[in-house]
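Enquirer: Pasting the sequence and the predicted model now:
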Amino acid sequence: MGLGISFLAAIEFAAGDLIMGAVLIMLSGIFDVLDGAVARSSGMMTPFGGVLDSVCDRYADAAIFAGIIYGSITGVIQTTTFFQAPLWLLCVIALIGSYMVSYTRARAEAAGSTAMNIGIAERSERLIILVLGALTYQIMIAVVLIAILTHITLLQRIWKAKQTL
């Protein structure tokens, strides 16, 4: 459900409706939390379920940023020129950072590192920043923050992996 709602959020961003996009991200987050809680409480947690959840989260992130990119390219999302870079490019940098945060954790854990859920911009923080940016019509600032914070988080995780491996 969370993934499907994220696709709806992407459509709203692509259409320029930042408020509805933000609302749908929040709704998606509720379903994302609920599916894990239901799996835990019913004793249905499996390693495959964790993998599937992570894959769905990556698709959701990509869809949301794709919606924002489309909205910025078509001009339905208005942005400032304060950052001297187009919103679509900042979204690409933020998405790369988001993916690298996830990849670094997965790769470090596969190599034997533990406690890799560290950093200032895990997925929930990134979504909160994006929601706040959309609700305040400051989507560009939110995306810049995510772009910066994801790469800081990446460095934090690389440092942690170096220490533990």
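Expert: That came through, no problem.
Enquirer: How are the helices of this protein distributed by residue range?
Expert: Taking DSSP state H as the test, the helices found in the chain are 2-14, 18-41, 47-74, 87-110, 123-135, 139-164.
Enquirer: could you list every residue that touches Val101?
Expert: By C-beta atoms under 8 Å, 6 or more residues apart in numbering, the contact set of Val101 is Gly119, Ala121, Glu122, Arg123, Thr150, Thr153, Leu154, Arg157. C-beta: built from backbone N, CA, C; applies to glycine.
Enquirer: Low-confidence bits of the protein, can you list those?
Expert: For the chain, the stretches flagged by pLDDT under 70 are 81-82.
Enquirer: Just want the most central residue of it.
Expert: By C-alpha atoms, centre = their mean, the chain has its centre lying nearest to Asp61, at 4.5 Å.
Enquirer: related to what we said a few turns ago, so which of the contacts of Val101 comes closest to Ala10?
Expert: Arg123 (16.0 Å; C-beta to C-beta).
Enquirer: Next one: the closest residue to Leu27 other than its chain neighbours from Gly21, what distance?
Expert: Excluding the flanking residues, the one nearest Leu27 by C-beta to C-beta, 6 or more residues apart in numbering is Ile5, at 5.3 Å. Remark: distance between Ile5 and Gly21 (C-beta to C-beta, to the nearest Å) = 11 Å.
Enquirer: who wins for proximity to Thr80 among the helices of the chain?
Expert: Using C-beta to C-beta, the helices of the chain put helix 139-164 closest to Thr80, at 6.2 Å.
Enquirer: Report the inter-axis angle for the closest one versus helix 87-110.
Expert: 20 degrees (axes from the mean of the first three to the mean of the last three C-alpha atoms, to 10 degrees).
Enquirer: which other helices and strands contact helix 139-164?
Expert: Contact partners of helix 139-164 among helices and strands, from 3 or more C-beta pairs under 8 Å, 6 or more residues apart in numbering; DSSP states H and E: helix 87-110, helix 123-135.
Enquirer: Which among these is found nearest to Val33?
Expert: Using C-beta to C-beta, these put helix 123-135 closest to Val33, at 9.0 Å.
Enquirer: If you tally nearby residues, what's the number for Thr46?
Expert: By the measure other C-beta atoms under 10 Å, the count of residues near Thr46 is 9.
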